[in-house]
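[1] Got a sequence here, can you model it:
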Amino acid sequence: MERLREYSRRRVLWAAGAGSAGVALAAATGRACTRRPALRRAGDFDLAEAAEILAPSPLYHRTVAQSFAFDDERGDVYAVQVVQGGVRLPDETRAAPSAARSANGDLCVTKLSSDGRRTGHMYLRGFGHGVSIGVEPHGSGVLLWTESQAHPRTGYGRAVARFPFRDGALLDTTDSRLRHHRPLPGSLANQPSLDLVRRRVLVGHWAATGEGREQRYAVYGLDDFVRGRYEPLHVVRPARLDPDETYQGCALHGDHVYQLTGDPYTGASGDNPPSSGGNVRVRAVRLTDGRTTGDERITIAAGLAYREPEGLAVRLADGPQLCAGFATGPAGDRELAIHAFASVRR
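    Presented below is the predicted three-dimensional model:
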């Protein structure tokens, strides 16, 4: 993920493997024996093992995905990315370079079927970086929740918008039909996520303090939020990330906010080589007091040649499952893969 270091940095989690006791038993009995990895819990999810639910799949553009979310009624995946350089949008006179797209907050949303086929796309001009998104089933389609009103100096959204996905459309953040929710005036890098089970909205953001900026999460009732009643159910101040961590997304489920951090591999001689399993981490932050109740490094999808964590979301269809996205594939031709952790309460 392209990112501004002033907004912090991140890592994510995982570990797996068969125990030596299983090997010994197999030798003694002559039968193959495997043992499930010990439970490694973060909030409501077991991070000891994961299943691939979306094989590496190309999006509409070939930049890295920034985040994704699910339409659990239809099985579709919606992924968002910064528009790639050299693309000219329908009403533009010339193509813009990638730096201009990122600075302006120009996004592309790709709709994918459950098996990774591209079935639609939509452009969002001037919205933000796409750190997290929400998908709300509505009639025969969905409403997207994204950051909006990108800051002119950072390219990250200062508000939250909710609007229908329309295949092939170009939507400007200045469109008069669009309502921008600003429950946190002065906040930076707003990041919406939905909990449709409890009908809540999470807005991750950076708040100005006397000492600079502080990461926070605010949770609202969905129906109240849509009506412009911004009375938070919770305001969470999580523990500060380590200086070398790169923040890659968040999700809301139950009594926790989940955080994803991490970087792509740096090569065999770098500080984050493939042989290490990567520096990806997932944390569970409790809503009631901001306490970290789970913090794990995860090595799922460790064999990807390029492996950058990109987005965290909850999938309800076969779960709930906590899902982590990974950008993979060669530079200039990135794809998205998604892996899912099962609930410990199933």
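
[2] Sticking with residue 102, tell me its helix or strand.
    Assigned by DSSP states H and E, residue 102 belongs to helix 98-104.

[3] nope, residue 79 is what I meant
    Take DSSP H and E as the rule and residue 79 turns out to sit in strand 76-82.

[4] Can you tell me the SS state at the residue most central in space within the chain?
    Central residue of the chain (Cα atoms, centre = their mean): residue 311, 1.9 Å from the mean position. Following DSSP: H, G, I helix; E, B strand; the rest coil, residue 311 is assigned to strand.

[5] For the helix holding residue 102, C-alpha coordinates in PDB please.
    As requested, the backbone C-alpha atoms of helix 98-104 are provided in PDB (Å, rounded to 0.1, in the frame of the first residue of the first chain):
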ATOM      1  CA  SER A  98       0.300   8.000 -10.600                       C
ATOM      2  CA  ALA A  99       1.600  10.600  -8.200                       C
ATOM      3  CA  ALA A 100      -1.200  13.000  -9.200                       C
ATOM      4  CA  ARG A 101      -3.800  10.200  -8.800                       C
ATOM      5  CA  SER A 102      -2.600   9.400  -5.300                       C
ATOM      6  CA  ALA A 103      -2.400  13.100  -4.200                       C
ATOM      7  CA  ASN A 104      -5.900  13.800  -5.600                       C
END
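
[6] Name the spans of the stretch 51-200 of the chain whose pLDDT lies under the cut-off.
    For the stretch 51-200 of the chain, no stretch has pLDDT under 70.

[7] Does residue 178 touch residue 159 like I think?
    No - assessed by Cβ atoms under 8 Å, residue 178 is found out of contact with residue 159, at 9.7 Å. C-beta coordinates here come from the backbone N, C-alpha and C atoms, glycine included.

[8] sorry, back to before: elements contacting the strand holding residue 79?
    Applying 3 or more Cβ pairs under 8 Å, 6 or more residues apart in numbering; DSSP states H and E, one finds that strand 76-82 contacts strand 65-71, helix 98-104, strand 107-112, strand 141-150.

[9] Turn the ones you listed into CSV, columns for mean neighbour count.
    Putting the helices and strands packed on strand 76-82 into CSV (neighbours: other Cβ atoms under 10 Å) gives the following:
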stretch, mean neighbour count
strand 65-71, 27
helix 98-104, 18
strand 107-112, 25
strand 141-150, 24
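
[10] Could you give the number of residues near the residue nearest to residue 286 when sequence neighbours are not counted?
    Among residues not flanking residue 286 along the chain, residue 293 sits closest, at 5.3 Å (Cβ to Cβ, 6 or more residues apart in numbering). Applying other Cβ atoms under 10 Å, we find 14 residues neighbouring residue 293.

[11] now do residue 185
    8.

[12] Nearest to residue 92 among the helices and strands packed on strand 76-82 would be which one?
    When those are compared by Cβ to Cβ, helix 98-104 sits nearest residue 92, at 11.0 Å.

[13] tell me the pLDDT at the residue nearest to the centre of the chain?
    You'll see residue 311 listed with a pLDDT of 97.
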